[in-house]
Structure formats: C-alpha cells, structure tokens
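[1] After the sequence you'll find the predicted model.
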Amino acid sequence: MTIRLTWKRVAATLFGLFAAGMLFAWSGLFNVAASSGHWPVTDWFLHWVMRNSVKTHAAFSAPDDPKAPRVLVSAAGHFAGACASCHGAPGQRPSPVMQAATPPAPDLSVNARQWTDKQLYWILKHGVKYSGMPAWPAPERGDEIRAMVAFVRALPGMTPAQYRALTQDAAAAGTVGVRGIRTATLTGCIACHGADGRGRNQPDIPVLGGQSPAYLLTALRAYATGARHSAVMQNAAAALTEQEMRALATHFAAMPGLAPAAPAPDPMARRIVQQGIPRLQLPACASCHAPGKPYPVLSGQKPLYLAQRLRHWKGDKNVVDARKTHATMPVIARRIPDEMIDRLARYLAGQR
C-alpha cells in the first residue's frame, strides 16, 4: 500500500505527535525525581548540548580579558560563602545535600581544566539552565567575574593551606567579641576586609577605616536590598540585621585608615577634582566628596578600586547613554574622559 504524502497529512501527523507529547506530559507519568537520575544517553546529550552552547556563546560574547589574576581574596571569600557548599573546596568536601542534585555540581579542581578563561567567564556570568548553576547576581560587575575566573583557574593547583590563607587566616588574626556583631558575621567580613579594615593589601577591596559610619551603613543597606550591585557584597549583606549593619558600620569606620593623601602631581586630574570640566558638565569631585558631606572619602583610597568603580558606572561602551541609568554617579562617570580614569584614581590615592 502506498500512502501519498500531502500537506494536510504531514500537518495532521505533526499535530498528532504534538498532542501525544502533551498528553504524556499532562499525565504526570514522566518521572522528574532527582533520585532517579538520567539515562546515560540523556546525560550525554544534555552535557553535549551544554558544552556546545558554552563554547559558541563564549566565543562571541565573553571579553578578551576575562581574568584578573591580582585579586583573589574577594573572589575566594565569595566562593567560600556561596559556592563551596556545592562544589567543595581544597580540603573541604561538598555538601552531601547538594551532591544529591541532578546533575551534581562538578569538582572544579578537576572540571576547571576543561574550560578556557573566556568559557569560565561566560558560565559564571550567565549560569547554566536546568542545573544548579545560577547566573552572576550582578552581571554588570565584570570586575568581580574576572576575579572569580582567576580564582577558579587557580583551584586545580591550590592546596588546603593556600585556600585557608585566602579565606580564613585573616579571621584567625581578627577581632572577635565586638558588641552587637556575631562572631561568625565579623569573621566573614574580616576574611576580605581584614581585621584592620584595610582590605588585606588587595587592590580591589576598599579601605573602610576613616569613612563615616553613616556612609558605610547606607552602603550596607543598599547592598542588602540590591539597590547597589555586587554579587560579593549583596550575598554578604543579605543576611545582616539592621542592628548588625549599624554595629559593623560603626566598628569599621572607627578604625584608622583613610587619611588625606598628598595628591599626585597631575594638573589635569587636580582640575577635575577641584573645578570639574564645565564644558562637559562634569562637576568637581570635591564638591561632594569632602569632609562633612554624606558621600565617601576618596582621598587615600586604593587607585584600582576607584578606577573599577568609575568604569563600572560608565557602563558598557556599546550601549548608548539613553539606555543607561541616570543615577548621579553613573551620569558623572560617563562625563569623565576615558583617558582620565586611571590618572584621576592615582591622583586621589596620592600615588605617583
């Protein structure tokens, strides 16, 4: 018997297959239990699709400079607080609860070798659907993602002692028993910021001592609510109570830290700080960042931190200004000439 193909018969067949699939899904017979795992062929197919997707998208959308090797402490602190329970860490097994997921999170001391830096950047920024890997909570913070790429890249050769040095040694030497702050909370803070609030000599972690308690409290509240974007700080601040935020702001602000620094000899940077650039509608930095003002102290702050903040506020150069935020600092940062970002940061830091 010969069946003649017609458009109507093809359409009816496709509709029948679709209806049968929907009926199967509606019946609930498909087992979604994580305990059942995947068939080997399903597991192979899903990983094959995922790997091909990551390779293709990373090749076209990941930056050419996906790794920041000088700044491991902040990434290590975030990894310890948000990632180690799933992936494990040097000297630390992953949580049995998370390993019971389908699929379980991979051991990065092995798995990281299978990806390029650009592919790691893309995975960290976007996450992976149908797995437990989330997207980066602050996708515009490329500086944080680059630091995490460097940390993940270092994991295969990292010893437990080196991991503890990045995440816990500062806590062992830190201050405990501060009124109003749980020891575990303070331990997490000083693991990155240091017991002295100077950021453990890391160029991307700001000096906190010398800022006003009101500014630090405002910053913590903004991180906790998501109004200020940082995966590292948002994760840390989310669990803080109002009382703890007040106590932490008071504690770190009272430390010796920021102090007026002799500015670097850069006439153009001095002009921006003291007078601004009227033709660009760029106000003077000193008009807001001065003693008695409710804004952060910049003099003596770390230059890399300042430059990263300004570049973050300027945003993606491929996005037109009309589609960017019109908040105060992003608008001001976009008016600063690109070539002045690092010079301005060095001038404020007093670095020659």
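    Looks like it came in fine.
[2] Name the surrounding residues that touch stretch 279-298.
    Residues from elsewhere that reach stretch 279-298 (CB atoms under 8 Å, 6 or more residues apart in numbering): 210-212, 214-215, 218, 258, 272-276, 299, 306, 332, 335-337, 344, 348. (Glycine included, C-beta is placed from N, CA and C.)
[3] Give me the mean pLDDT for stretch 341-352.
    Per-residue pLDDT values across stretch 341-352 average out to 89.
[4] ok so, going back, now a ChimeraX select for only the buried ones of the contacts of stretch 279-298.
    This is the ChimeraX syntax for the buried subset of those, where burial follows 16 or more other CB atoms under 10 Å:
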select :210,211,212,215,218,258,272,273,276,299,306,332,336,344,348
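[5] Okay, and which of the contacts of stretch 279-298 map to helices?
    The helices, defined by DSSP state H, take in 214-215, 218, 272-274, 306, 332, 335, 344, 348 from the contacts of stretch 279-298.
[6] Around Met340, count how many other residues there are.
    18 (other CB atoms under 10 Å).
[7] wait, doesn't it sit right on Arg270?
    No - taking contacts as CB atoms under 8 Å, Met340 lies outside contact range of Arg270: 11.3 Å.
[8] residue boundaries of the strands in the stretch 101-250 of the chain?
    Counting by DSSP state E, counting those that start in this stretch, the stretch 101-250 of the chain has no strands to list.
[9] which intervals of it have sub-threshold pLDDT?
    In the predicted model of the stretch 101-250 of the chain, residues 169-177 satisfy pLDDT under 70.
[10] do the stretch 251-352 of the chain as well
    Low-confidence segments of the stretch 251-352 of the chain, defined by pLDDT under 70: 261, 352.
[11] count of neighbours near Pro63?
    Neighbourhood size, Pro63 [other CB under 10 Å]: 14.
[12] Could I get the contacting residues of it?
    Taking CB under 8 Å, 6+ apart as the test, what Pro63 contacts is 118, 121, 142, 146.
[13] which ones among these are found in helices?
    Per DSSP H, the subset of the contacts of Pro63 in helices is 118, 121, 142, 146.
[14] got the end-to-end distance for stretch 249-258?
    With CA to CA, to the nearest Å as the measure, the ends of stretch 249-258 fall 15 Å from one another.
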